[in-house]
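Q: show me the folded form of this:
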Amino acid sequence: MDKIIARTAEIETLERKYRSGKSEFVIVYGRRRIGKTYLVNHVFADRFTFTYVGARNQKPPKQLQRFAEQLRAYSGSAYAPTLSNWDEAFMALRSLIEMKPRDERKVIFFDEMPWIDTPRSAFVEALEYFWNAWAAQRDDILFVACGSATSWMVNKLIRNKGGLYNRITEQIYLRPFKLAECEQYLHANGCQWDRYTILQCHMAMGGVPFYMSLLDPAQSLAQNIDRLFFAKNAPMREEFDELFSALFNQADKYIRVVRVLAECREGMLRAELEQKTKLSGGGLTRVLDNLQRCDFIDSFVRYKSSVRNKLYRICDPYTLFYYKFIAGNNSKDEHWWANNMNSHSVESWQGFSFETICLMHLSQIKQRLGIGGIATSASSWRSLGGTGTPGAQVDLVIDRSDRVVNLCEMKFTVEPYIITKAYEERLRSRMALFRAETRTRKSLVTTMVTTYGIVRGLHSGIVQSEVVMDDLFHE
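A: A predicted model of the protein is given here:
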């Protein structure tokens, strides 16, 4: 098999379940384009007993017809069975499996399962009966269910309160690549870019393998972005709407939330979201939970604040890129990115996106600071200030059990960052305000997270610890 990038733990899990000697019900889920189907096909290749892919927006008769065709293909029969419902479909699958040698492992793969469960199809009920009444009683079945609609996978399978309650034997959730994995993937596919360019690539592609597969190694990053997003019939131009439509029912509600959050750099409280989106109650809770499960948003509790006051913010770089430069951009310039990449708008977005990527790499930051083995909590902090006192904000506060608090400042620059006298005074003022408002007695440490470090000079002594771009690339 060709080498697969960065999914070592997931591959080992699937192989372990294959060798377990008992029937297993495994689910593989994650957002669209993340590589779920590729992973399962890569691991099992020619070991499948049966595979079936659900069809989007197709009614049960069409789904069952395609299921019957798969049964015919895998059985070697000249005719496909006639199936009128999913109970009959699973009975036919059972007959196919029983034709195989008893000591042979049977790998059954249902891809895009949420699309099979159409209204009034009774698919889940038939699946429950198939598993409980027959497959779970055997020791030779490996059933793999895969799907992009994460909310469906969680609610109908993981949190199932009916016949599948506590029946899932393994959950594999695929996340977007981090920087180290992006570097491995790009270099393996011929993009011999430096880390600064890979970091910029991550800002636009969000670590999604399929998006990176569209990159042309012979072109620069700017040329690739223009071709994929701004050229006539650009392949990524409509991806965002297709992504949300594939992931969520009532996608407009989810888009409403991320659009509002994309406009607020510091994040928003739930009350603010309710006001801006006109969503509330259980409906808003469901939207926020599902967006977090799919790695589009994250939540941070403010330092020494109630959990009820947590901030929600976009944590997906691709979403930030889309709302900053694609949504509402009516320019006909097919080289828009190359012509604007040095603009103030792009510079501002890069700073925000870099902060987002740093928060994704908290473990790498802790490792560089030498506190990987120390219990910590991550939060944010914001002060509105008062009369004569300006407000202040810290996007990442690392509160450590060794009675130290790291106040992290993140800067994306093309060269080492210079600490000026004014900036030193700002950092000292912020530290004093943080101590006064939080009343903490812990030691406060100013930590700079930058691309190329800081220039040591007259005013750099305010910085006690540093993290640079290369540190974020550690596995």
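Q: show residues contacting the helix or strand of the chain with the lowest mean pLDDT.
A: In the chain, no helix or strand scores lower on mean pLDDT, DSSP states H and E than helix 150-152, which sits at a mean of 86. Outside helix 150-152, the residues within contact range by CB atoms under 8 Å, 6 or more residues apart in numbering are 29-31, 113-114, 117, 247-249, 286, 290, 293-294. Any C-beta I mention is one placed from the backbone N, CA and C, and that applies to glycine too.
Q: any of the residues you listed buried? List them.
A: Burial by neighbour count, judged by 16 or more other CB atoms under 10 Å, picks out 29, 30, 31, 113, 114, 117, 247, 248, 286, 290, 293, 294 from the contacts of helix 150-152.
Q: out of these, list just those in strands.
A: residue 29 (DSSP state E).
Q: would you list the phi and psi of the residue lying closest to residue 237 once chain neighbours are set aside?
A: Leaving aside its chain neighbours, residue 237 sits nearest to residue 229 (6.2 Å; criterion: CB to CB, 6 or more residues apart in numbering). With angles defined as degrees, to the nearest 10, residue 229 sits at phi -120, psi -30.
Q: residue 229 reaches residue 326, doesn't it?
A: Yes - here residue 229 reaches residue 326: they are 6.0 Å apart, a contact under CB atoms under 8 Å.
Q: count of residues packed around residue 175?
A: Here the count is done by other CB atoms under 10 Å, and residue 175 has 14 residues near it.
Q: which residues touch it?
A: Contacts for residue 175 (CB under 8 Å, 6+ apart) come out as 30, 34, 295.
Q: likewise for residue 176?
A: Counted by CB under 8 Å, 6+ apart, residue 176 has contacts 31, 34, 206, 207, 208, 295, 316.
Q: the closest residue to it other than its chain neighbours in helix, strand or coil?
A: Ranked by CB to CB, 6+ apart and with sequence neighbours excluded, the top spatial neighbour of residue 176 is residue 207, at 3.6 Å. Here residue 207 is recorded as coil under DSSP: H, G, I helix; E, B strand; the rest coil.
Q: hmm, residue 207 is touching residue 184, no?
A: No - in this structure, residue 207 is not within contact of residue 184 by CB under 8 Å, at 11.5 Å.
Q: next, count neighbours for residue 185.
A: Around residue 185 there are 20 other residues, counting by other CB under 10 Å.
Q: repeat for residue 419
A: By the measure other CB under 10 Å, the count of residues near residue 419 is 20.
Q: per-residue pLDDT of it, please?
A: Predicted confidence (pLDDT) for residue 419: 97.
Q: next one: residue 303
A: Model confidence at residue 303 (pLDDT) stands at 85.
Q: next one: residue 308
A: Residue 308 carries a pLDDT value of 71.
Q: separation between the nearest residue to residue 138 once chain neighbours are set aside and residue 315?
A: Take residue 138 and drop its neighbours on the chain: the residue closest to it by CB to CB, 6+ apart is residue 23, 5.3 Å away. The gap separating residue 23 from residue 315 is 37 Å, by CB to CB, to the nearest Å.
Q: of the two, who's got more company?
A: Using other CB under 10 Å as the criterion, residue 23 and residue 315 rank with residue 315 on top: 22 against 19.
Q: that one against residue 300, yeah?
A: No - applying CB under 8 Å as the test, residue 315 and residue 300 come out as separate, 9.7 Å apart.
Q: buried residues, stretch 121-134. List them.
A: Per 16+ other CB under 10 Å, stretch 121-134 contains these buried residues: 121, 123, 124, 126, 127, 128, 129, 130, 131, 134.
Q: re earlier: which two from the contacts of helix 150-152 end up farthest apart in space?
A: 113 and 286 (20.0 Å; CB to CB).
Q: any idea which element residue 166 lies in?
A: Under DSSP states H and E, no helix or strand contains residue 166.
Q: and the next element down the chain from the helix or strand residue 91 falls within?
A: Assigned by DSSP H and E, residue 91 belongs to helix 86-98. Toward the C-terminus, helix 86-98 is succeeded by strand 106-111 as the next helix or strand (DSSP H and E).
Q: where do the helices sit along the stretch 1-150 of the chain?
A: Per DSSP state H, counting those that start in this stretch, the stretch 1-150 of the chain carries helices over the ranges 8-18, 36-44, 60-75, 86-98, 113-116, 123-133, 150-152.
Q: most tightly packed of those?
A: Among the helices of the stretch 1-150 of the chain, helix 113-116 has the highest mean neighbour count (mean count of other CB atoms under 10 Å), at a mean of 24.
Q: show me what that helix is packed against.
A: In terms of contacts (3 or more CB pairs under 8 Å, 6 or more residues apart in numbering; DSSP states H and E), helix 113-116 is packed against strand 141-147.
Q: try it again at 10 Å.
A: strand 24-29, strand 48-53, helix 60-75, helix 123-133, strand 141-147, helix 150-152, helix 239-247 (3 or more CB pairs under 10 Å, 6 or more residues apart in numbering; DSSP states H and E).
Q: worst average pLDDT in the ones you listed?
A: Ranked by mean pLDDT, these end with helix 150-152 at the bottom, a mean of 86.
Q: next helix or strand past that one?
A: Using DSSP H and E, the first helix or strand after helix 150-152 is strand 170-173.
Q: in its sheet, what does that following strand sit against?
A: Partners of strand 170-173 in the sheet, by DSSP bridges, are strand 24-29 (parallel).
Q: I'd like to check the angle between the strand it pairs with and helix 123-133, please.
A: Comparing the axes of strand 24-29 and helix 123-133 via axes from the mean of the first three to the mean of the last three CA atoms, to 10 degrees yields an angle of 150 degrees.
Q: now do strand 24-29 against strand 141-147, angle only.
A: Interaxial angle of strand 24-29 relative to strand 141-147 (the same axes, to 10 degrees): 20 degrees.
Q: adding distance to residue 344, write the buried residues of stretch 121-134 out as TSV.
A: Below are the buried residues of stretch 121-134 laid out as TSV (distance: CB to CB, whole Å):
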residue	distance to residue 344
121	53
123	52
124	52
126	58
127	54
128	57
129	61
130	59
131	57
134	64
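Q: closest to residue 409 among those residues?
A: Using CB to CB, the buried residues of stretch 121-134 come closest to residue 409 at residue 124, 49.4 Å.
Q: now that closest one: how far from residue 26?
A: To residue 26, residue 124 is 17 Å away according to CB to CB.
Q: quick one on the thing from earlier: contact partners for the residue nearest to residue 237?
A: With contact taken as CB atoms under 10 Å, 6 or more residues apart in numbering, residue 229 is in contact with 204, 235, 236, 237, 239, 321, 322, 325, 326, 329, 336, 337.
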